[in-house]
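J.: only geometry, no sequence info:
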């Protein structure tokens, strides 16, 4: 049996059958990192997504509209998997629509993937909106106290994460597979075209600030500037998901997923600025959202792309101003307790500043942002 350093099976199950993974959302910020980790560990890996992206070595690319049950069944016809990792979601205008669409996506995938009768484990990525509430009332109503703990009851508000969990549990009951839920904080990783990508967004902000000779202005509020927070490296999330999927005897439950360190943005901001070669400017009496700071910068980015030979001229595919503004303007402090997975044996951790530095190096090497 092949294995890796944390004792989980890397190539074969205990019965001698090779692990085969379906990564739903394989082109996204979490899915790309997960595909890379699975291939490195010797898994047969397929990525399922709606859009095309740059191919990944060792990953079979499958295309489907996850909201369309027939499209998913067609894409998965004749294929079998031992593990499914759900990292995809679709943002809609209202939470009622979020619930309907995202629950259907999970249901469609598990109905289609479960037909072969080979599923052993399904892992679902959600996030801290489990504790903070949905986008419509993000951090504005009743929220849980920090650090967030997995055993706290659900908030009394509609939430598409809850609907996704309910679909997962119902399918597990019908099909007999084990399951895990992974509640990540803001993910640091690389995926052009991803709708929620703070690290890449800050790198684009810095590139535009350098081009105009302007300071790198913190877009958030005083609570986030001074409060404690944490983040999630995409590689660490991938490793936790694989650990939960392959460690025998774990109960079906949720795991918070964060790097293991905490920080304040007033400490982190100047250090990120140093990595990106810009002059930092912190909180100064009011939020200065990126949607305002970066309004109308599309042509500037396009010109920067031509001058520097960058890979993506469409600024909207590189930066998600709205998402970073949302994270950095929460009215509450936000960080998680990691004791549950540590007690169970997952002790991996990542230095958040080092995670940012590694991402920026990757973005430069792939010509997403200019060289420093």
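T.: Ah, there it is. Please read all numbers here as calculations on a predicted model, not as lab measurements.
J.: so what pLDDT did residue 54 get?
T.: On the pLDDT scale, residue 54 is placed at 70.
J.: do the same with residue 337
T.: 97.
J.: and if you look at residue 12?
T.: Note for residue 12: predicted pLDDT of 51.
J.: burial count for the nearest residue to residue 309 once chain neighbours are set aside?
T.: Leaving aside its chain neighbours, residue 309 sits nearest to residue 367 (6.3 Å; criterion: Cβ to Cβ, 6 or more residues apart in numbering). In this view, the C-beta of every residue, glycine as well, is placed from N, C-alpha and C. By other Cβ atoms under 10 Å, 14 other residues sit near residue 367.
J.: for residue 61, same thing?
T.: 16.
J.: for it, which non-adjacent residue is spatially closest?
T.: Distances taken as Cβ to Cβ, 6+ apart put residue 47 closest to residue 61, at 5.7 Å, once the chain neighbours are dropped.
J.: any idea how far the one helix or strand the one you found maps to is from the middle of the chain?
T.: Using DSSP states H and E, residue 47 maps to strand 44-49. Its chain's average C-alpha position is 17 Å from that of strand 44-49, according to Cα atoms, centre = their mean, to the nearest Å.
J.: try stretch 151-161
T.: 19 Å.
J.: also stretch 246-255?
T.: Remark: stretch 246-255 is offset 20 Å from the chain centroid, using Cα atoms, centre = their mean.
J.: quick one: the helices in the stretch 101-250 of the chain, in order.
T.: 129-132, 160-175, 198-212, 222-226, 234-246 (DSSP state H, counting those that start in this stretch).
J.: for the shortest one, packing partners?
T.: In this case it means helix 129-132. helix 160-175 (3 or more Cβ pairs under 8 Å, 6 or more residues apart in numbering; DSSP states H and E).
J.: remind me what the helix it packs on packs against, helices and strands.
T.: If you count contacts as 3+ Cβ pairs under 8 Å, 6+ apart, helix 160-175 packs onto helix 95-113, strand 121-127, helix 129-132, strand 178-184.
J.: can we see that at 10 Å?
T.: On a contact count with 3 or more Cβ pairs under 10 Å, 6 or more residues apart in numbering; DSSP states H and E, helix 160-175 meets strand 83-86, helix 95-113, strand 121-127, helix 129-132, strand 178-184.
J.: who's in contact with residue 152?
T.: Going by Cβ atoms under 10 Å, 6 or more residues apart in numbering, residue 152 touches 130-131, 144-145, 337.
J.: let's see 8 Å
T.: Contact analysis of residue 152 by Cβ atoms under 8 Å, 6 or more residues apart in numbering lists 131, 144.
J.: returning to that earlier point: the residue nearest to residue 309 should be in a strand, yeah?
T.: No: Residue 367: not assigned to a strand; according to DSSP: H, G, I helix; E, B strand; the rest coil it is coil.
J.: just how off-centre is stretch 119-134 within its chain?
T.: Worked out by Cα atoms, centre = their mean, stretch 119-134 lies 11 Å from the chain centre.
J.: do stretch 285-293 as well
T.: Offset of stretch 285-293 from its chain centre (Cα atoms, centre = their mean): 24 Å.
J.: identify each buried residue in it, please.
T.: For stretch 285-293, the buried set under the neighbour-count rule, 16 or more other Cβ atoms under 10 Å, comprises 287-290, 293.
J.: tell me the contacts of residue 261?
T.: 230, 349-352.
J.: drop anything exposed from the residues you listed.
T.: Among the contacts of residue 261, those classed as buried by 16+ other Cβ under 10 Å are 230, 350, 352.
J.: ok, the last one - contacts?
T.: Residues counted as contacts of residue 352 (Cβ under 8 Å, 6+ apart) are 188, 230-231, 233, 259, 261, 263, 268.
J.: try the second one
T.: For residue 350, the contacting residues are 233, 235-236, 259-261, by Cβ under 8 Å, 6+ apart.
J.: helix, strand or coil for it?
T.: What three-state DSSP gives for residue 350 is coil.
J.: for it, give me the pLDDT.
T.: Residue 350 carries a pLDDT value of 98.
J.: ditto for the one 3 residues further on
T.: Listed pLDDT for residue 353 reads 98.
J.: for the residue nearest to it when sequence neighbours are not counted, give me phi and psi.
T.: Leaving aside its sequence neighbours, residue 353 sits nearest to residue 271 (Cβ to Cβ, 6+ apart; 5.7 Å). Note on residue 271: backbone dihedrals following degrees, to the nearest 10 are phi -70, psi -40.
J.: how far off centre is stretch 103-111?
T.: 19 Å.
J.: can you list the neighbours in contact with it?
T.: Contact partners of stretch 103-111, identified using Cβ under 8 Å, 6+ apart, comprise 22, 24, 48, 66-69, 72-73, 84, 86, 88-90, 122, 124, 160, 163-164, 166-168, 171, 175.
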